[in-house]
Every structure is written in structure tokens, then in C-alpha cells.
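Q: This is the structure alone, sequence omitted:
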């Protein structure tokens, strides 16, 4: 029996078990320095894109804060939400009509008194 075990071990040592190294699930192992650099660049692009998106969202929130405050004040004093944003100006809750950032527009829901910012439609 010892002889068969020794022969098995020798064959296993000579030919290997045939199992190759396996990466963990979802792990990608770059095969070259170029691919590694491309992978790093992709992650950097994702990060910068996320920062730009967060910045855009934050700026929109800041730009809408005075409008939201005016809507709340209007509703408190008038007992209803303004029909449109122009009514906030005419009743002097805002000094001037709000102007959204370039490429965006305000969307106001007069039933709920909610304002949001959406992409402006592009003209062909």
C-alpha cells in the first residue's frame, strides 16, 4: 500500500493537480501594465464623475433654498401654495424671478408646493 501512495505522490508532483490559481469572485487581475493603467484611469474617471455630479446636485440644492423658503412663507401667510413662481415675486416673497443654472430648469408643483430642478430640453 505504501508503494502505491508513493507512486501517487510522485505522479502528482511531476504533473501537478491541474488546478490553476483562481481569483476571487468579481476580482479582475490585469494582465499587463497598460491594462492596469487603464483600469486605474477608469476608476479615476468614475470618481471625478461622481464628484461633478455631487457638486451639481449641491449647487442646485443651494440655489433652490431661498425659493423653498419663499414657498413656505407664502403658504404660511396665504394658507395655500403659490400658483407659480411668478406669484412669489408679485407678492414680494422673492425680489426677482429665480433663474436656474445653465442647462437646467425649475419644475414647480403648485398642488404640493414642491420645486425641483430638471435638465432643460435641448433644441435641435
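A: Perfect, thanks for sending it. Quick caveat, the model's predicted, so the values are computed rather than measured.
Q: For residue 53, report the pLDDT, please.
A: Residue 53 carries a pLDDT value of 82.
Q: how deep is residue 75 tucked in, by neighbour count?
A: Around residue 75 there are 13 other residues, counting by other CB atoms under 10 Å. All C-beta spots, glycine's among them, are computed from the backbone N, C-alpha and C.
Q: Strands of this structure, start to end?
A: Ranges of strands in the chain, per DSSP state E, are 104-109, 114-119.
Q: Can you add mean pLDDT, mean neighbour count and distance to residue 64 and give the ones you listed back as CSV?
A: Shown next, in CSV, are those (pLDDT from 0 to 100; neighbours: other CB atoms under 10 Å; distance: least, CB to CB, whole Å):
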stretch, mean pLDDT, mean neighbour count, distance to residue 64
strand 104-109, 91, 14, 8
strand 114-119, 90, 13, 6
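Q: Now do the contacts for the residue nearest to residue 81 when sequence neighbours are not counted.
A: Nearest non-adjacent residue to residue 81, counting by CB to CB, 6 or more residues apart in numbering: residue 113, 3.7 Å away. Residues in contact with residue 113, defined by CB atoms under 8 Å, 6 or more residues apart in numbering, are 71, 72, 75, 81, 82.
Q: redo that, cut-off 6 Å
A: Contact analysis of residue 113 by CB atoms under 6 Å, 6 or more residues apart in numbering lists 71, 75, 81.
Q: how about residue 99, phi and psi?
A: The phi/psi pair for residue 99 (degrees, to the nearest 10) reads phi -120, psi 120.
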